[in-house]
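> Following is a predicted model, sequence given first.
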4 protein chains.
Amino acid sequence: MCRWAAYRGAPLYLEELVSSPAHSLIEQSHCATKAMTSTNADGFGIAWYGDRPEPGRFRDVLPAWSDCNLKSLAGQIRSPLFLAHVRAATHGSTRRDNCHPFVHDSWSFMHNGQIDHFDKLRRSMEAMLDDDLFNARCGSTDSELLFLLALQLGMREQPLQAMANAIGFVEQLSNEILGSARVRFTAAFSDGKALYGVRYASDANAPTLFAAPMGGGYCLVSEPLNDEKDTWVEIPECSAVVVTDNGLDAAEFKPAVAQSHAVEAAE
Amino acid sequence: MCRWAAYRGAPLYLEELVSSPAHSLIEQSHCATKAMTSTNADGFGIAWYGDRPEPGRFRDVLPAWSDCNLKSLAGQIRSPLFLAHVRAATHGSTRRDNCHPFVHDSWSFMHNGQIDHFDKLRRSMEAMLDDDLFNARCGSTDSELLFLLALQLGMREQPLQAMANAIGFVEQLSNEILGSARVRFTAAFSDGKALYGVRYASDANAPTLFAAPMGGGYCLVSEPLNDEKDTWVEIPECSAVVVTDNGLDAAEFKPAVAQSHAVEAAE
Amino acid sequence: MCRWAAYRGAPLYLEELVSSPAHSLIEQSHCATKAMTSTNADGFGIAWYGDRPEPGRFRDVLPAWSDCNLKSLAGQIRSPLFLAHVRAATHGSTRRDNCHPFVHDSWSFMHNGQIDHFDKLRRSMEAMLDDDLFNARCGSTDSELLFLLALQLGMREQPLQAMANAIGFVEQLSNEILGSARVRFTAAFSDGKALYGVRYASDANAPTLFAAPMGGGYCLVSEPLNDEKDTWVEIPECSAVVVTDNGLDAAEFKPAVAQSHAVEAAE
Amino acid sequence: MCRWAAYRGAPLYLEELVSSPAHSLIEQSHCATKAMTSTNADGFGIAWYGDRPEPGRFRDVLPAWSDCNLKSLAGQIRSPLFLAHVRAATHGSTRRDNCHPFVHDSWSFMHNGQIDHFDKLRRSMEAMLDDDLFNARCGSTDSELLFLLALQLGMREQPLQAMANAIGFVEQLSNEILGSARVRFTAAFSDGKALYGVRYASDANAPTLFAAPMGGGYCLVSEPLNDEKDTWVEIPECSAVVVTDNGLDAAEFKPAVAQSHAVEAAE
């Protein structure tokens, strides 16, 4: 179980979500309150949008609470749109390439959850990727592969539809190969303009997702960052949210039924 | 709060204490059961005696559970005498030089506990060291400094007496500088021949220390490695134990009253 | 350009090849004398055979000359058969999973050289692997993939033939996809019994390979470890050597012409 | 021998000095052209001034050329005043705490050179520090200690005078203890307002220091960053330079004769 926070609003020092609040990400990485895994010490990462279309990114494998670089950067970098993540490994060894957020061109992505029996599905998922996205794969996590799959399936044009395509493809693939499918997926992603959040699980048991107004915009988190319970609204399962200048919009999120030829191609 | 295990007996693969048992050190580093700190993810270290008088040592700052090197080494190295430690930082940043065990010539040392207000005592403690021991200091922990202080005060000749001298010196120093003193100290150390354990606290609240027969010799641990409660004997506060070919001997441990000139010299 | 040394003979402390000689691997990692790349600072690794069929392995991304763990281990571990490698990255980012030697079951492998245009061939090479070998891939180097490909093509039964198959397959694949092929390959590998060395390049420009008697057995190196020029015999291009209890045997090494169906399957 | 670059002028992306030019710092870290040490692979660091009085800082022990975090940060961070450093270790092990730049409050400092026989002088140098500066020492380098010593001796009020005091103190100390003294010192430091550079050696053999106009301000470097030889002016030995809004001012730099009581206190 990982922890993450994402923000879109007036420029904010990253430290306000990463290290300052009583229940900041770093505090959560020491001792999570709502999750089974008692610690998140397999690395962390931040991605933020500044003057350029591509986000900056900083990742490391040390526990977040002991990383002086993270502390200094979070106190210096101010951004209107950023993602921050602390990791407890489920798939993939502890190395920088496996730390969220993942970045491709102007897109960033981070994820809490997992694909059951990923080892048996990984190869068919990778087969779906064009050469350039296949070669862009740096690590070995299911999360990174879901991100690349969404890029393959239209993320640049229709981000939420592409994510629905990606998850639908994985569920169908798993059903065909294994006879069952379970994907748990609570994610945030961005193109540097809008901030997207999704909460979904095949078994209606998705990791939590909360939203709160902040800095004239919104903050999305896997767990509330403080005890002001009235501030944080839980986003229900099977939902997607989009944060733009117009505020936060929510919609139903439903995996798309993969076209049969897609699965065939991957076999 | 750190966790550690030490062994002296018939040659044993390190993995039997480090990674194999249900409550191995690596498992404990994920989720400690008896201590306040819920996780031990600030690094780990092992020291073992082989063919040479100096022990081998391997330390790293990654969480123990995600380190492939540790897993491979623990499955290859077999030793009749070794120390293993997982660290939750109290003093000193997360870096290899601050990970236990500490090693000097043929001596190795590891520690669970802390010196209250160490920052105010550190300088006077360092002033006690001869140049060669002063220059041997690599990290910034209170643990390493206690070890060097014991070496300064006769560890090579009378290990337990020297440790009593070191702790007595620190308590007296703290009383003089701060008006009070609290040292908590549960430690294991060795010269490659005998294995020593000490459990002591100024406030009679020392971290636990347990012993169990193993491999024809004995295992000393900060926490029992499995649920066989009958196997593990709790060593009482203010005790020292020595494991040799003759088995395990226990004795009272009492900090020595520091000679006044020692404290004067450090002022 | 990487540097490596391999040994099979009477048990030897690793330090005798890794850190002790005037031109040891660690010294070479600072300043190579015969190669274009002026430094080898992208990590290192050692694999050694002890009491168990599987070798131990230790790898890290720090420069070899500054790693205290390596120094301590090389002074403690004594082995009749080991591989040691310092890395200058050509393909694959600087991370432990990309450091040689690679290990699979009882096999170990390390490599100096490269496959030209690997990025364009990688996917078809991976497609050749059965699921278990595909899933065993941890890093992103051409070296690891050549090793897995050899395992796929019969390494356990006929090590040198399998390596000839693997290189032949890659050359044919490259010719079909790119119209040309260049593989440079100077490698050592072992199953814990024999030690194998290969020197080959498509363009007759293979990295060097030397052998010298040592410890009743032989040492294979990418560069002589000292200036005793009479000691080191240069192994010619297109050669394979095998070190066993019977000494060192040399033979011609020629890539096998890949069966056409193999390449078809990968397309 | 280390390499560094410092800049004060119109806001500039760090990458323009760190990674972009033909002879950028990262390129130099691979293969230095004017120095004896053939490689700089013991870590790197950057310190930059942004919205806050305290500089941001990022350091790591990996070779600079293989660090993705550095590349991303250098492409995102734009600053009117920054220091960048690649390290080849002379004193102090390879760890983050020993990487330049060193930072204290609003001050930053980096250094190329060394104090001869530092091991014999270190203790007396540390004895000069007040408790707060003594406790601020994180690493074990002579560089960090020179910086703290300058802070102790008035850096906040008279930066160049304080640096002259610090070096003068070390030379006098070395003369008294060892009968001779050699300090080589080419450094840059800043309080977030002015940028200071110093080139000095006891034996008139100081590491080089160059300056060039850039971005309406100036760049100071240990080695020219490109081959435009007319652009770079070599700063002569025994010189100090100050870059402010008024441009670059140069002055003589001469170690101050330490007051005898200072040395006495340290004995």
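Now that the structure is in, tell me what you want to look at.
> Can you list the low-confidence ranges for chain A?
In the predicted model of chain A, residues A:1, A:21-23, A:28-41, A:89-93, A:258-267 satisfy pLDDT under 70.
> how about the strands of it, start to end?
A:3-13, A:44-48, A:56-60, A:78-86, A:102-104, A:107-115, A:183-190, A:195-201, A:210-214, A:217-221, A:233-234, A:239-244, A:247-252 (DSSP state E).
> Now that we have those strands, can you turn them into CSV and tack on mean neighbour count and distance to residue D:13?
C-betas here are computed from N, CA, C, even on glycine. Converted to CSV, the strands of chain A look like this (neighbours: other CB atoms under 10 Å in any protein chain shown; distance: least, CB to CB, whole Å):
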stretch, mean neighbour count, distance to residue D:13
strand A:3-13, 23, 18
strand A:44-48, 28, 15
strand A:56-60, 23, 11
strand A:78-86, 25, 16
strand A:102-104, 24, 18
strand A:107-115, 26, 20
strand A:183-190, 25, 22
strand A:195-201, 24, 25
strand A:210-214, 17, 29
strand A:217-221, 23, 27
strand A:233-234, 14, 39
strand A:239-244, 20, 28
strand A:247-252, 12, 33
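> how about JSON lines for those strands, with distance to chain B added?
JSON lines is the format used below for those (distance: least, CB to the nearest CB, whole Å):
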{"stretch": "strand A:3-13", "distance to chain B": "14"}
{"stretch": "strand A:44-48", "distance to chain B": "12"}
{"stretch": "strand A:56-60", "distance to chain B": "11"}
{"stretch": "strand A:78-86", "distance to chain B": "12"}
{"stretch": "strand A:102-104", "distance to chain B": "19"}
{"stretch": "strand A:107-115", "distance to chain B": "17"}
{"stretch": "strand A:183-190", "distance to chain B": "21"}
{"stretch": "strand A:195-201", "distance to chain B": "25"}
{"stretch": "strand A:210-214", "distance to chain B": "23"}
{"stretch": "strand A:217-221", "distance to chain B": "21"}
{"stretch": "strand A:233-234", "distance to chain B": "25"}
{"stretch": "strand A:239-244", "distance to chain B": "32"}
{"stretch": "strand A:247-252", "distance to chain B": "34"}
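> do you know which of those strands lies nearest residue D:182?
Residue D:182 sits nearest to strand A:56-60 of all these, at 38.4 Å, using CB to CB.
> So the closest residue to chain D within the stretch 101-250 of chain A versus chain C, what's the distance?
Taking CB to the nearest CB as the measure, the stretch 101-250 of chain A has residue A:103 as its residue closest to chain D, at 8.4 Å. For residue A:103, the distance to chain C (CB to the nearest CB, to the nearest Å) stands at 14 Å.
> residues contacting that residue?
A:47, A:54-55, A:57, A:109 (CB atoms under 8 Å, 6 or more residues apart in numbering or on different chains).
> just to revisit the earlier point, for the strands of chain A, give me a markdown table that also has distance to residue B:254.
Shown next, in a markdown table, are the strands of chain A (distance: least, CB to CB, whole Å):
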| stretch | distance to residue B:254 |
| --- | --- |
| strand A:3-13 | 47 |
| strand A:44-48 | 45 |
| strand A:56-60 | 45 |
| strand A:78-86 | 45 |
| strand A:102-104 | 58 |
| strand A:107-115 | 52 |
| strand A:183-190 | 56 |
| strand A:195-201 | 59 |
| strand A:210-214 | 55 |
| strand A:217-221 | 52 |
| strand A:233-234 | 57 |
| strand A:239-244 | 64 |
| strand A:247-252 | 65 |
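> Quick one: closest of those to residue B:212.
strand A:78-86 (36.6 Å).
> Against which helices or strands is that closest one packed?
If contacts are counted by 3 or more CB pairs under 8 Å, 6 or more residues apart in numbering or on different chains; DSSP states H and E, strand A:78-86 sits against strand A:3-13, helix A:25-30, strand A:44-48, strand A:107-115, strand A:183-190.
> The lengthiest helix in chain A vs strand A:183-190, what angle?
Taking DSSP state H as the criterion, chain A has its longest helix at helix A:159-178. With axes from the mean of the first three to the mean of the last three CA atoms, to 10 degrees defining the directions, helix A:159-178 sits at 150 degrees from strand A:183-190.
> CA atoms only for stretch A:12-24, dumped as CSV, please.
Extracted C-alpha coordinates of stretch A:12-24, given in CSV (Å, rounded to 0.1, in the frame of the first residue of the first chain):
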residue,chain,number,x,y,z
LEU,A,12,2.4,26.0,-3.3
TYR,A,13,5.7,24.9,-1.8
LEU,A,14,5.8,21.1,-2.0
GLU,A,15,6.6,20.9,1.7
GLU,A,16,3.1,21.9,2.6
LEU,A,17,1.9,18.5,1.4
VAL,A,18,5.1,16.5,1.7
SER,A,19,6.5,17.4,5.1
SER,A,20,4.6,20.1,7.0
PRO,A,21,1.1,18.9,8.0
ALA,A,22,0.6,16.7,11.0
HIS,A,23,-0.4,13.9,8.7
SER,A,24,1.9,14.7,5.8
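> isn't residue A:174 right next to residue A:167, touching?
No - here residue A:174 does not reach residue A:167: they are 10.5 Å apart, not a contact under CB atoms under 8 Å.
> can you list residues touching both of those two?
residue A:183.
> Neighbour count: those two, which is higher?
residue A:167 (28 against 23; other CB atoms under 10 Å in any protein chain shown).
> Could I get the contacting residues of the more buried one?
Listed by CB under 8 Å, 6+ apart, the contact set of residue A:167 reads A:146, A:183, A:185, A:200, A:255-256.
> and those as CSV, adding distance to chain D?
Shown next, in CSV, are the contacts of residue A:167 (distance: CB to the nearest CB, whole Å):
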residue, distance to chain D
A:146, 21
A:183, 29
A:185, 26
A:200, 30
A:255, 33
A:256, 33
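> Chain C next: which of these are close?
Cross-checking those against chain C (CB under 8 Å from any CB of the partner chain) gives no overlapping residues.
> thinking again about what came up before, closest one to residue A:219 out of the contacts of residue A:103, please.
Taking CB to CB as the measure, residue A:219 lies nearest residue A:47 of the contacts of residue A:103, at 15.3 Å.
> quick one: the residue in the stretch 151-267 of chain A positioned nearest to chain C from residue A:125, how far?
Per CB to the nearest CB, residue A:177 is where the stretch 151-267 of chain A lies closest to chain C, at 11.2 Å. Remark: distance between residue A:177 and residue A:125 (CB to CB, to the nearest Å) = 11 Å.
> do the same with residue A:132
As for residue A:132, its distance to residue A:125 is 16 Å (criterion: CB to CB).
> So for the two, which sits in the more crowded spot?
Using other CB under 10 Å, the more surrounded residue of residue A:132 and residue A:125 is residue A:125, with 22 against 11.
> For the more buried one, give me its contacts.
Counted by CB under 8 Å, 6+ apart, residue A:125 has contacts A:145, A:149, A:169-170, A:173, A:266.
> burial count for the closest residue to chain B within the stretch 151-267 of chain A?
Residue of the stretch 151-267 of chain A nearest chain B, by CB to the nearest CB: residue A:223 (15.9 Å). Residue A:223 has 21 neighbours, counted by other CB under 10 Å.
> Lovely, talk soon.
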